[in-house]
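Participant: fold the following for me, if possible:
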Amino acid sequence: MSNPSKVLVMGLTKYRLGNLLELSEEKNTSGRYKMDSLKGISIKKVFIETKADMEGVSLRPYLLVRPGDFAYVTVTSRNGERITLAHNTSSETYIVSSSYVVFRVKRSDVLDSDYLFMYFNRSEFDRYARFNSWGSAREMFAWEDLCDIEIVLPPLPVQKKYVAVYKAMLANQFAYEKGLADLKLACDAYVEELKRKNKSQQINQSISLVEVRNRGQYGLDAVRGVSIKKEFIPTKADMEGVPLSSYWIVRPGQFAYVPTTSRNGGKITLALNQSDETYIVSSSYVCFTTNQKKLLPAYLMAFFSRSEFDRYARFNSWGSARETFNWEDMCEVKIPLVDLETQQTVADMFVAYRLRVELNEKLKAQVQQACPILIKGSLDESRKARSRRKEVLS
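Facilitator: As a prediction, the model looks like this:
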């Protein structure tokens, strides 16, 4: 009798995914794993440092995610149409909330875990998970739904061949990212050195408020928000029917920031318009510019991009319901106002860093975009191999 868990398809094999996986519900009962092992998962399908307030929370009920294991969040609503899932490719054991689902590949003779992650790391899978999510208040993609997926697999050696290509791309991106971190460290160290050797002064004499309304010059394509990564991003707000006449204009070389600092992960959402385009932002933002005869925008942005400034802005935020870092607070910020030539050196380092950040994001996108191509390539190769064998036999 044929195995009901698999069906042969033109040299490939179709499986019910549940027959190849096993659930893991191993908990941190002994308390062996501490805060440094605690992880969350982002919609980019990577483990990240948790953003939850863990004060007074016991880690004993948390689930273990051993090397090679997967973890995902069943709730798919309000996730940007993506499922938050990650694969532990490290040599360390992580712990995650017990609300997560942790699982692993139990049939490693049939399915390579890295190949499975490539399968998951596709927009097609995100769409499938969203479409097959159920619920009223919260839509969920349950473990049973994941197990019901039918997956067509090439032979294991073919899977490993395409995984090797994926890993090579990933290694290249990681190497680039490490160099990026080194450049940021050098830039921050230079600013710290300037602070140590030079007297700091308030920037109130070198910056000025900009309050220029958009009187119909710019439309929806110019609307921007600001992220905690300190960059302008396409707005996530529902703009239907929103009048843009009250929006502030942010020209190249100008800054915009959100005064509210509470619930921002300890960071201030601030950005410098380093593009050649003019943006418009919500009137709840504060916009300003610098006197470039005294203070170069990129030099100031290099100062703002340090974690020390985030802590300063958070500490100097005031309010009850919402803590804010107002324009008056911004004017009191002190920085080493060195000569323009020295400022330009720091500015050049910072601009180079930002350009490389953009390139790194493109490399990450390329790695993810390669996943469906590699999956398709592995299936096509197996089909072609099957056809060639038929031709030889005939």
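Participant: show me which helix runs longest in this protein.
Facilitator: For the chain, the helix that runs over the most residues, judged by DSSP state H, is helix 340-393.
Participant: pLDDT (mean, whole number) over that one?
Facilitator: Mean pLDDT, taken over the full extent of helix 340-393, equals 88.
Participant: what residue lies at the spatial centre of the chain?
Facilitator: Centre of the chain computed as the mean C-alpha position; nearest residue by C-alpha atoms, centre = their mean is Lys44, 5.3 Å away.
Participant: and the nearest residue to it once chain neighbours are set aside, how many residues sit next to it?
Facilitator: The shortest distance from Lys44 to any residue that is not its chain neighbour, by C-beta to C-beta, 6 or more residues apart in numbering, is 7.7 Å, and that residue is Lys364. Heads up, the C-betas are built off the backbone N, CA and C, glycines and all. Counted with other C-beta atoms under 10 Å, the burial measure for Lys364 works out to 16 neighbours.
Participant: and Lys364, how far is that from Val223?
Facilitator: Distance of Lys364 to Val223, given as C-beta to C-beta, to the nearest Å: 25 Å.
Participant: same deal with Asn79?
Facilitator: Where Val223 is concerned, Asn79 sits at a distance of 23 Å (C-beta to C-beta).
Participant: domains for the chain, by residue range?
Facilitator: In terms of domains, the chain is parsed into 6-153, 199-337 (source: automatic domain parsing).
Participant: save the ones you listed as CSV, and put in distance to Val191 and mean pLDDT too.
Facilitator: Converted to CSV, the domains of the chain look like this (distance: least, C-beta to C-beta, whole Å; pLDDT from 0 to 100):
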stretch, distance to Val191, mean pLDDT
domain 6-153, 24, 91
domain 199-337, 6, 92
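Participant: Phe174 is nearest to which of those?
Facilitator: Comparison of the domains of the chain against Phe174 by C-beta to C-beta identifies domain 6-153 as nearest, at 10.8 Å.
Participant: did I read that right, Tyr72 in a strand?
Facilitator: Yes. When DSSP: H, G, I helix; E, B strand; the rest coil is applied, Tyr72 is found to be in a strand.
Participant: skipping adjacent residues, who's closest to it in space?
Facilitator: Nearest in space to Tyr72, with sequence neighbours left out and distances taken as C-beta to C-beta, 6+ apart, is Leu85 at 3.7 Å.
Participant: and the one you found, how far from Asn121?
Facilitator: When Leu85 is compared with Asn121 (using C-beta to C-beta), they lie 8 Å apart.
Participant: show me the contacts for Ser382.
Facilitator: Under the criterion of C-beta atoms under 8 Å, 6 or more residues apart in numbering, the contact partners of Ser382 comprise 11-12, 154-155, 158.
Participant: relative to Asp310, how far out is the residue lying closest to Ser282 once chain neighbours are set aside?
Facilitator: For Ser282, ignoring the flanking residues on the chain, the nearest one in space by C-beta to C-beta, 6+ apart is Tyr247 at 6.4 Å. In this structure, Tyr247 and Asp310 are 26 Å apart, going by C-beta to C-beta.
Participant: now Gln159
Facilitator: 43 Å.
Participant: tell me which of these two has more neighbours.
Facilitator: Comparing Gln159 with Asp310 by other C-beta under 10 Å, the one with more neighbours is Gln159, at 24 against 20.
Participant: hang on, isn't the more buried one packed against Phe117?
Facilitator: No. The pair Gln159 / Phe117 is not scored as a contact, 11.4 Å apart, by C-beta atoms under 8 Å.
Participant: still on that earlier bit, shared neighbours, Leu85 and Asn121?
Facilitator: Contact criterion C-beta under 8 Å, 6+ apart; residues shared by Leu85 and Asn121: Lys45.
Participant: can you map out the strands along the stretch 101-250 of the chain?
Facilitator: For the stretch 101-250 of the chain, strands defined by DSSP state E, counting those that start in this stretch occupy the ranges 150-153, 200-202, 207-209, 224-226, 232-234, 248-250.
Participant: can I get these in TSV including mean neighbour count and distance to Lys384?
Facilitator: As requested, the strands of the stretch 101-250 of the chain are exported to TSV (neighbours: other C-beta atoms under 10 Å; distance: least, C-beta to C-beta, whole Å):
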stretch	mean neighbour count	distance to Lys384
strand 150-153	17	15
strand 200-202	13	67
strand 207-209	14	64
strand 224-226	22	47
strand 232-234	13	41
strand 248-250	23	54
